[in-house]
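Enquirer: need coordinates for the below:
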Amino acid sequence: MAITASMVKELRERTGAGMMECKKALVETNGDLDAAIEYLRKTGLAQADKKAARVAAEGQIILASSADDTEAVMVEVNCETDFVAKDDNFLAFANKVAQAALVSSSDEVDAFMSGDLESTRQVLVSKIGENVQVRRMARLASNGSIGAYVHGGRIGVLVDLEGGDVDLARDIAMHVAALNPAYNTVDDVPADVLEKEKQFLISQAEESGKPADIIEKMITGRLRKHLADITLMGQPFVKDGDITVEKLLKNNGAKVNSFIRLAVGEGIEKKTENFADEVMNQVKGG
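Expert: Numbering: from 1, shown residues only. Purely as a prediction, here's the structure:
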């Protein structure tokens, strides 16, 4: 059966696969469109399985918000290279994932990454030649304002702000993206984390050989500074270093209930390559 351009076009529109892959699938299935779709699905699955073990530490953080702005989600979708992270096909898939996460009743990736969306991922892997994974999602709901901010596609922040306005919420989200506070307030710092830092400061101060009363003051002052550094409320506001975030919020009658920050690839062990060794290995292999 002759494979026409219109047949290839229709298969591309239904699957998102590349032109050559579509033509090959139609040839293999003698022009049967449904069989060609299944052929592409199986081919994509096979290639996705082969690439699944490869480290995917690049990618994008994508935001999606409800129509009334009371709920928002972020998803991290990973690939192997920064080049692919900017590819239109990859970005289109990542945005589909974010929308699916938003309407999902679950916060588990596996719950919405099934059926057509997983098939789309498999075809995308086949098309771009890289491992693509949906790593995680985060959801935030608010009765006040949600501050949402993504920096360069690599860092995403959601802030639940009570009081204030949308502009303030976004400013706080930008601050969190830039300064990466570990906790919201001092009360949120776990006791074991606080005690570990305190013991470190004690041993450090004792080595100075100064009197006990001076050491106590040193520890108190340094602990206070450390807590200011790691808490959102204690940090100087990124747009105005003369005021802390806590003071900024008080001036605007606002309060941060919670925030979430995701960064592409954080926690993923990246494989480092020595270029000279890589070339030598290829020479030996050849």
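Enquirer: any idea how far Phe200 is from the residue of the chain most remote from its centre?
Expert: Distance from the C-alpha centroid of the chain, by Cα atoms, centre = their mean, peaks at Pro211 (48.5 Å). To Phe200, Pro211 is 20 Å away according to Cβ to Cβ, to the nearest Å. Quick note: C-beta positions are derived from backbone N, CA and C, even for glycine.
Enquirer: Val125 too?
Expert: Counting by Cβ to Cβ, the gap from Val125 to Phe200 is 46 Å.
Enquirer: so which of the two has more stuff around it?
Expert: A count of neighbours by other Cβ atoms under 10 Å puts Val125 above the other of Val125 and Phe200, at 23 against 14.
Enquirer: my read: that one touches Gln133, true?
Expert: No - using Cβ atoms under 8 Å, Val125 is not in contact with Gln133; the gap is 9.3 Å.
Enquirer: pull up the overlap in contacts between these two.
Expert: The contact sets of Val125 and Gln133 do not overlap (Cβ atoms under 8 Å, 6 or more residues apart in numbering).
Enquirer: so where's the protein shaky on pLDDT?
Expert: 15-18, 41-55, 208-209, 270-286 (pLDDT under 70).
Enquirer: residue boundaries of the strands in it?
Expert: 58-65, 71-79, 133-141, 145-151, 155-162, 236-237, 240-244, 255-263 (DSSP state E).
Enquirer: just the C-alpha atoms of the third one, please, in PDB.
Expert: So the one you mean is strand 133-141. The C-alpha coordinates for strand 133-141 follow below in PDB (Å, rounded to 0.1, in the frame of the first residue of the first chain):
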ATOM      1  CA  GLN A 133      11.300  11.300  33.500                       C
ATOM      2  CA  VAL A 134       8.600  13.000  35.600                       C
ATOM      3  CA  ARG A 135      10.400  13.100  38.900                       C
ATOM      4  CA  ARG A 136       8.100  14.900  41.300                       C
ATOM      5  CA  MET A 137       5.300  17.300  41.900                       C
ATOM      6  CA  ALA A 138       4.300  19.700  44.700                       C
ATOM      7  CA  ARG A 139       0.900  21.200  45.400                       C
ATOM      8  CA  LEU A 140      -0.100  24.200  47.300                       C
ATOM      9  CA  ALA A 141      -3.600  25.500  48.200                       C
END
